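J.: build the 3D model from these lines:
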Amino acid sequence: IVKQISNSNGLYIRYIDDIFITINWPTQHLSKQIDRWNKFDVINIKLKGQVGYTTNFLDLKIENKNGVLFTEVYHKPSYELYYLPFNSIHPIHMKKNIPFEMLIRAIKYCSAFEAHLYEREKLRMALLLNKYPGEFLEKQFNRIFQKYEMNQPISNKNYSKLREKMIYAVKKAKITIDYNKTMFVHFTYCLSMKMFPVKFHTRWNKYFTESPINEIKSVLGTRNVKN
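T.: Residues are numbered from 1 along each chain as shown. Purely as a prediction, here's the structure:
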């Protein structure tokens, strides 16, 4: 399949088990090829053809507007405005990451500034309905400017440039963990345990500073309660 698409100057994208193909073939020829491809592996290959100006792949909507490629976030018909409630018993970092990561997705996926604004306000409304304070949301949204070193607010004039900077930003290399010198301690998270990590490390340093065990780095993690 890949060779056929490549030889016809088409586009082939695969994400795990999902495949997205664009190709400039006559409709009848495309249908025959899809039927042929589906017979390669009846169980694992199930391709469907679509001819038109609009399509979607995973959570991305793609549209051809008079020869200009337009993209935005795609929401499935079953989509509901439900996220992890702010008053749930989960660590605060999990709640911070929801608006932070969702807005990053909105910027990367939305090729037009107007589409970004619509998606951002839709996200804001959904999170407000899930009890997220407005000030909290603004703070997490502003974290994006700090992460990508954006010194000016996003506007219609600079949106494309800032979006391109975000898309091509170099990801930080993952820190290699030496499991022989790192001890992970997990505890079930609840509000009363909020200060437990600070107290744990204070006592660890107090009692093991001059002990050989202090060469081992202790890392605390949380298990979520059923909420």
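J.: my guess is Leu129 contacts Phe86, does it?
T.: No - counting by Cβ atoms under 8 Å, Leu129 stays clear of Phe86, with 10.3 Å between them. Bear in mind the C-beta positions are built from the backbone N, C-alpha and C, glycine included.
J.: which one's more surrounded, these two?
T.: Using other Cβ atoms under 10 Å, the more surrounded residue of Leu129 and Phe86 is Phe86, with 17 against 12.
J.: if I pick the more buried one, what's in contact with it?
T.: Neighbouring residues of Phe86 by Cβ atoms under 8 Å, 6 or more residues apart in numbering: Lys95, Leu127, Asn130, Lys131, Tyr132, Pro133, Phe136.
J.: per-residue confidence at the second one?
T.: pLDDT for Leu127: 95.
J.: hang on, it in a helix?
T.: Yes - counting by DSSP: H, G, I helix; E, B strand; the rest coil, Leu127 is found in a helix.
J.: touching, it and Leu137? I think so.
T.: Yes - between Leu127 and Leu137 there is a contact at 5.8 Å, judged by Cβ under 8 Å.
J.: any shared contact partners between those two?
T.: Shared contacts of Leu127 and Leu137, counting by Cβ under 8 Å, 6+ apart, come down to Pro99.
J.: these two: who's more crowded?
T.: Shown here are Leu127 and Leu137; by other Cβ under 10 Å, Leu127 has more neighbours (24 against 20).
J.: please name the residues that touch the more buried one.
T.: By Cβ under 8 Å, 6+ apart, the contact set of Leu127 is Tyr83, Phe86, Ile98, Pro99, Leu137.
J.: isn't the fourth one right up against Phe141?
T.: Yes - in this structure, Pro99 sits in contact with Phe141. The criterion is Cβ under 8 Å, and the distance is 6.4 Å.
J.: tell me which of those two has more neighbours.
T.: For Pro99 versus Phe141, neighbours defined as other Cβ under 10 Å are more numerous around Pro99 (24 against 17).
J.: just the buried subset of the contacts of Phe86, written out for PyMOL, thanks.
T.: A single PyMOL command selects the buried members of the contacts of Phe86 (16 or more other Cβ atoms under 10 Å):
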select buried, resi 95+127+130+132+136
